[in-house]
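>>> sequence and predicted structure below; questions after.
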Amino acid sequence: MPSSQISGKAYHDATKHSYLSVQIDPNYVDASTQPSAFKVYPKFYRRVKLNLNNPVHSFISLTSAITLEKVYKDGPYKLRVNPSAGALYPTEVYVQVRGVEGMVDGIYHLEVENNCLTLIYELIDDGLESYIIPGKSINGFIFLISCVYYRSSWKYQNRSIRYCFLDSGHHLGAVAASAFLHNRDIQLIFDFDKFTLNSDLGFENKEFITACAVSGELQENKIRRLRLKVPFVSGTDYFEFNQFIEDGYQATILQKSHQQQLEYPIFDFDKDKFYQTVWDRRSIRRFRKESISQEDYLYIVQQLQQSIPTENYEEIEIYSVVHRVEGMTPGLYKGTYLVKTGNFSEKTGYLCINQAIAKDSAVTLFFVSDYLNYQTAMQIAGFLGQRLYLTSNYLGIQCSGIGAYYDDETQELLETNKDVLYGMVIGI
């Protein structure tokens, strides 16, 4: 077994929950100490206000847009098109634009709070292609997803390494959804020179690149590395170092992911309805314990089985614990295959740290993998999670991600020795 695979496995194992670990460390935090969730460059940087009536602007904006603001006693929460563990939003988006009419060729930071692009680097004969697809250039867009990990580790400590990767995958899913709505193909890329790119983007140790999505025309053209380092701006108002997360990130970018032939998914969503679904997507907090139809459930499974547009791949197996689906025997399923019958609603509620949504849902799903690259596997799990959110919400079925569960006991229920990467629930 390659050493980097052991490393990925080791970081997963080191962040497992058990009944005892949760009792010993319930992980309460003072909400007033939460670090800032938005990165903003100095006011003198050039900015482009995004106009949703402009198709290019709309494509970029919809990857990260704020869709709802809630005010609580400790302040406002700005919810976005992409879900995030604890609504902490550790991910940032940078967009390289090349050869797009009306825009300066450059690398932009997507300033989500103000719905604008900040030009942080102007291109000449250099660019991101040198790190990601050497020997090629992209006329179009390169989206970089990064993580400002302290936004998450502030609350979830070491286990936030999982949530940073899952959130990155969800954000890639939001990019894919916007691409679908704007009739653009995208390709996800996970295996590239993240070490050098982090350095040349000036990220220090406070932020790191996790993945990218490319959309545009690929051309044979040698692009050189960024000729200058980008000045660093912190993504939080204060920062606390976490050696475990930084080591875990470094360890999980060494091993190459599995490789596959690039294939694009084919969706039949009505675009007007799907657009509204993207804007209205929310995480459910409670279910009414009602059943969903077998037709809807099978449609959701079918969408989850569609291609993921990447050559770097880790296979994700999805187990479904069916509680309330009309015409289906309650029990554990792998795809549509019934593994074992039984009413496991109380069991799944217990496994998900006694969260009621896991026992009151119509279906509780678990994503498992026997991966080469842990970072890639977690992001693909998050990407599929975003697909599940949007497909279920499109059908009028509610959804939520569950990142906290008793790892080993969940494996026992699923009768698998593969790592459980993510839990999700759907229902009414």
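That came through fine. Numbers count the residues shown, from 1 in each chain.

>>> which residues touch G235?
36, 39, 92, 148, 151, 206-207 (C-beta atoms under 8 Å, 6 or more residues apart in numbering). In this view, the C-beta of every residue, glycine as well, is placed from N, C-alpha and C.

>>> in TSV, list those along with distance to G86 and neighbour count.
Formatted as TSV, these follow (distance: C-beta to C-beta, whole Å; neighbours: other C-beta atoms under 10 Å):
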residue	distance to G86	neighbour count
S36	15	14
K39	18	21
E92	17	24
V148	14	26
R151	9	28
K206	19	17
E207	19	23
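
>>> what ranges do the helices span in the stretch 151-300 of the chain?
Secondary structure of the stretch 151-300 of the chain (DSSP state H, counting those that start in this stretch): helices at 160-181, 194-200, 243-251, 271-280, 294-304.

>>> angle of the first one against helix 271-280?
Right, helix 160-181. For helix 160-181 against helix 271-280, the angle by axes from the mean of the first three to the mean of the last three C-alpha atoms, to 10 degrees is 150 degrees.

>>> pLDDT averaged over helix 160-181 - what is it?
Here helix 160-181 scores 98 as its mean pLDDT.

>>> dump it to PDB, keeping only the CA atoms.
Taking Å, rounded to 0.1, in the frame of the first residue of the first chain, the C-alpha atoms of helix 160-181 are listed here in PDB:
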ATOM      1  CA  SER A 160     -12.700  19.800  10.100                       C
ATOM      2  CA  ILE A 161     -10.200  18.400   7.600                       C
ATOM      3  CA  ARG A 162     -13.100  16.200   6.400                       C
ATOM      4  CA  TYR A 163     -15.500  19.100   6.300                       C
ATOM      5  CA  CYS A 164     -13.100  21.300   4.300                       C
ATOM      6  CA  PHE A 165     -12.800  18.600   1.600                       C
ATOM      7  CA  LEU A 166     -16.600  17.900   1.600                       C
ATOM      8  CA  ASP A 167     -17.400  21.600   1.400                       C
ATOM      9  CA  SER A 168     -15.000  21.900  -1.500                       C
ATOM     10  CA  GLY A 169     -16.800  19.100  -3.300                       C
ATOM     11  CA  HIS A 170     -20.200  20.800  -2.600                       C
ATOM     12  CA  HIS A 171     -18.700  24.000  -4.100                       C
ATOM     13  CA  LEU A 172     -17.600  22.100  -7.200                       C
ATOM     14  CA  GLY A 173     -21.200  20.800  -7.400                       C
ATOM     15  CA  ALA A 174     -22.500  24.400  -7.300                       C
ATOM     16  CA  VAL A 175     -20.100  25.300 -10.200                       C
ATOM     17  CA  ALA A 176     -21.400  22.300 -12.100                       C
ATOM     18  CA  ALA A 177     -25.000  23.300 -11.500                       C
ATOM     19  CA  SER A 178     -24.300  26.900 -12.800                       C
ATOM     20  CA  ALA A 179     -22.500  25.400 -15.800                       C
ATOM     21  CA  PHE A 180     -25.600  23.200 -16.600                       C
ATOM     22  CA  LEU A 181     -27.900  26.200 -16.400                       C
END
